[in-house]
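Student: Pasting the sequence and the predicted model now:
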Amino acid sequence: MRLFQWNMLRSRVQLVIMALAVLGSLSSYVLLGTALSEMSVQVMDAMRSEWPYDFEVQGWFDQDLEHQITTLPGLNHIEIVTMTDIFFYSESLRLLAIPEQETALVMELQEGTMASTADEIVIPAALAQGYGIRVGDVISIQSSKTVNQPVPFTVSGILSGKTGVLLHPLSSYEGLSRLVTADRLTPSALLQLDGRTNLISFQKKLENIGRGLAIKAIAEEYSDAQANLTLSDSLVTGLRGLILAITALSLAVLLYMTQRSGSYQVGVLRAIGLPRPWLLLPAFMQTLLIFIFGYGTAYLSLPAIATAIGLESNRAALLQHLSADIWIFLGVGLFSTLVVQIQFLFTSVPRLFKEAW
Amino acid sequence: MEQANAVMGKGISRTFLMGETPVRALHQINITVDAGELVMLLGPSGSGKTTLLHTLSGLEKPDQGEVWVDGVSIYTLNDWKLSKFRSQCFGFVFQSFNLLPTLSALENVQIPLRLLGSKQPVKQATEILTRVGLGERIHHKPGQLSGGEQQRVAVARALVAKPRIVFADEPTGNLDSHTSHEIMALIRELVSENNSACLMVTHNQEFSSLADRILHMRDGELL
């Protein structure tokens, strides 16, 4: 314990610098990694079209099936959507029931309101423009699955023509029921992958679930998103590696300076018979303590810093990153300590006694 | 191997490289120091005194020759055993006192005792500190002690475990004349009390009267 105290306190300024270096680099490591990950996800989202899904799965969904799908690794988002194919004049379209849960679809209106009754419909901007349709107009829709007569719908709103906004008309579930009977309104699960998972292997996993699922890959822009994420991941890995290397190097230099200033005393201790592990242990304890300080301070301050710099990751996610990353950092710190200590512990005692060591 | 010798070196040679030039530090040295004997090693700078002391104390392996301490050829021991052997048999006094600055005089003196697993390190350390005249200053840190007092602590640290051999390398090199005499007298007294062997390297012939035997070195050889 006394040796540890000596090891810690023999160079207080360097100790403080070491603690600050660990805190700074650990914070940078976590914040930079989180920021870049957020950025890549945003870029990936931006690269997605108005139909941001990679798989469409049809089947009879129950809780068990949904659970099986949601637990597949690589799935980013799942939503169950009811839709049916329709004709509008010569257009063959897909009419969607307005999603009740969180959706990846962008349903921004440029005019009017969302359809709320069974006879209301919202149409995309291109359709409104192409046929000169306005809010309040009544249009006739015919199901492509039946031979029923066209059904009139009142246009309650027009979707925005901006990039990424949905290109399909929307109505309520009851509205869809006016076109086809409920037993023919099979819900579909729309799956969005995380951009890192291999599409083919994910499809195989889906197929392995069985249950008579009809699986359709619709990932036209997935490879672009995947390439972007791979690039982003490489960037994150590279930058994190750089931070780790700088941390290791700066710690090693500071530890070396501390050790160097006490090398004569290390020589004396070794001369009087102190075994090497006894000298190594206090150094490891010192590193451990510095990292505990760094972790504690980062734990308390990182969420506030993240908020201040505009990171969207919530507190829990950020601290989860920190908890995962601290082990990598501690490994690097202990490795640096070991490398520096070996220099001193395996140098001959007479050499440690020399002034110009 | 003669058991009467506390330490014996036979045919010790050591050569260093200065750049690419080999420099002979020790050449075929034969030396013995007996229990209770204080041997002074005199010689000019660079004559090999300190190298010989390091070699005999297990800190620097010779290129040739062997060192026996109490019948044990010390360089046949592995590092762990040699460290243990040094803590059991050797005491060291250096020119720079080199006490641990964050530890009190009492704690510094306890280090060898704790290495040996002594049951009463505080009592033993207090006794020897009182013996060297620092009974009132045992809780002082090295920074609060004068040079002479620090060297007294270092002497106490070297002798507290009653080692078989004390190696002293210029123990008065950093002290004034008056304090030097006090320290030399103290070492002489404690070494005799413990019946320890002592090999002391010094430049100063002034203290030769305290030695049982004086050896002179020049260019790596005993004269």
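Tutor: Right, received. Where do you want to start? On a predicted model such as this, the values are computed, not experimentally measured, just so you know.

Student: How much space separates the closest residue to B:A125 other than its chain neighbours from A:L274?
Tutor: With CB to CB, 6 or more residues apart in numbering or on different chains as the criterion, B:A125 has its nearest non-adjacent residue at 4.0 Å, and that residue is B:V109. C-beta here means a position set from N, CA and C on the backbone, and glycine is covered the same way. According to CB to CB, to the nearest Å, B:V109 and A:L274 sit 14 Å apart.

Student: what about these two, which has more around it?
Tutor: Per other CB atoms under 10 Å in any protein chain shown, whichever of B:V109 and A:L274 has more neighbours is B:V109, with 31 against 20.

Student: Let me know the pLDDT of A:L9.
Tutor: Per-residue confidence (pLDDT) for A:L9: 62.

Student: Next: A:E102.
Tutor: The model's pLDDT for A:E102 equals 83.

Student: For residue 175, give me its contacts.
Tutor: Just going to use chain A. When contacts are counted by CB atoms under 8 Å, 6 or more residues apart in numbering or on different chains, A:G175 is found next to A:95, A:97, A:115, A:117-121, A:153.

Student: Actually, chain B is the one I wanted.
Tutor: So B:L175 contacts B:147-148, B:151, B:183 (CB under 8 Å, 6+ apart).

Student: Which strand or helix spans the residue nearest to B:A125?
Tutor: helix B:105-115 (DSSP states H and E).

Student: tell me which parts of the stretch 251-357 of chain A are close to chain B?
Tutor: Contact residues, the stretch 251-357 of chain A versus chain B (CB under 8 Å from any CB of the partner chain): A:264-265, A:267-276, A:348-350, A:353.

Student: 7 Å instead?
Tutor: Contact residues (CB under 7 Å from any CB of the partner chain) of the stretch 251-357 of chain A with chain B: A:264-265, A:268, A:271-275, A:348-350.

Student: Okay, and which of these map to helices?
Tutor: Those of these mapping onto helices are A:264-265, A:268, A:271, A:349-350, per DSSP state H.

Student: Most neighbours among those residues, please name it.
Tutor: A:A271 (26 neighbours).

Student: check contacts around the residue in chain B positioned nearest to chain A.
Tutor: Proximity of chain B to chain A (CB to the nearest CB) peaks at B:S87, 2.6 Å away. Applying CB atoms under 7 Å, 6 or more residues apart in numbering or on different chains to B:S87 gives the contacts A:272-273, B:112, B:115-116.

Student: Report the next helix or strand after the longest helix seen in chain B in sequence order.
Tutor: Longest helix in chain B by number of residues, with DSSP H as the criterion: helix B:177-194. Going down the chain from helix B:177-194, the next helix or strand is strand B:197-202, by DSSP H and E.

Student: That following strand and chain A, any residue contact?
Tutor: No. Judged by CB under 7 Å from any CB, strand B:197-202 stays clear of chain A, getting no closer than 12.5 Å.

Student: Figure out the length between the terminal residues of stretch A:68-82.
Tutor: Stretch A:68-82 has an end-to-end distance of 20 Å (CA to CA, to the nearest Å).

Student: again, but for stretch A:127-143
Tutor: OK, stretch A:127-143 end separation, CA to CA: 17 Å.

Student: average pLDDT across it?
Tutor: On average, stretch A:127-143 scores 91.

Student: for stretch A:285-300, same thing?
Tutor: The model assigns stretch A:285-300 a mean pLDDT of 85.

Student: Now that stretch: buried residues?
Tutor: A:285-287, A:290-291, A:293-295, A:297-298 (16 or more other CB atoms under 10 Å in any protein chain shown).

Student: how about TSV for these, with secondary structure and distance to A:G212 added?
Tutor: As requested, the buried residues of stretch A:285-300 are exported to TSV (DSSP: H, G, I helix; E, B strand; the rest coil; distance: CB to CB, whole Å):
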residue	secondary structure	distance to A:G212
A:M285	helix	61
A:Q286	helix	63
A:T287	helix	58
A:I290	helix	59
A:F291	helix	54
A:F293	helix	58
A:G294	helix	54
A:Y295	helix	50
A:T297	helix	55
A:A298	helix	50
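
Student: What about the closest residue to A:Y29 other than its chain neighbours, how many residues nearby?
Tutor: Spatial nearest neighbour of A:Y29, excluding adjacent residues (CB to CB, 6+ apart): A:I243 at 4.8 Å. Close neighbours of A:I243, defined as other CB under 10 Å, add up to 21.

Student: name the element A:I243 belongs to?
Tutor: Going by DSSP H and E, A:I243 is part of helix A:222-261.

Student: What pLDDT is listed against the most centrally placed residue in chain B?
Tutor: Nearest to the geometric centre of chain B sits B:F167, at 1.6 Å (CA atoms, centre = their mean). B:F167 carries a pLDDT score of 92 in this model.

Student: neighbours around the nearest residue to it once chain neighbours are set aside, how many?
Tutor: Spatially, and ignoring its direct neighbours in sequence, B:F167 is nearest to B:S57 (4.5 Å; CB to CB, 6+ apart). For B:S57, the neighbour count with other CB under 10 Å is 25.

Student: again, but for A:W60
Tutor: 10.

Student: quick one: the nearest residue to B:N195 once chain neighbours are set aside from B:D212, how far?
Tutor: Counting by CB to CB, 6+ apart, B:N195 lies nearest to B:G36, which is 4.5 Å off, once chain neighbours are set aside. Distance, B:G36 to B:D212, by CB to CB: 8 Å.

Student: Around A:V30, how many other residues sit close by?
Tutor: A:V30: 27 surrounding residues under other CB under 10 Å.

Student: thought it was touching A:L302?
Tutor: Yes. Judged on CB atoms under 7 Å, A:V30 makes contact with A:L302 at a distance of 6.3 Å.

Student: Can you pull the residues that touch both of these two?
Tutor: Common contact partners of A:V30 and A:L302 (CB under 7 Å, 6+ apart): A:318, A:322.

Student: and A:K145, helix, strand or coil?
Tutor: coil (DSSP: H, G, I helix; E, B strand; the rest coil).

Student: what do you get for A:K216?
Tutor: Once three-state DSSP is applied, A:K216 turns out strand.

Student: in the sheet, who's paired with it?
Tutor: In this entry, A:K216 is beta-bridged to A:E56, by DSSP bridges.

Student: can you tell me how far it sits from chain B?
Tutor: 69 Å (CB to the nearest CB, to the nearest Å).

Student: Which positions within the least confident helix or strand in chain B by mean pLDDT qualify as buried?
Tutor: Within chain B, no helix or strand scores below helix B:177-194, which has a mean of 83 by mean pLDDT, DSSP states H and E. Residues B:179-180, B:182-184, B:186-188, B:190-191, B:194 are the ones in helix B:177-194 that count as buried (16+ other CB under 10 Å).

Student: circling back to that earlier point, summarise which helices and strands the helix holding B:V109 is packed against.
Tutor: helix B:121-131, helix B:147-159 (3 or more CB pairs under 7 Å, 6 or more residues apart in numbering or on different chains; DSSP states H and E).
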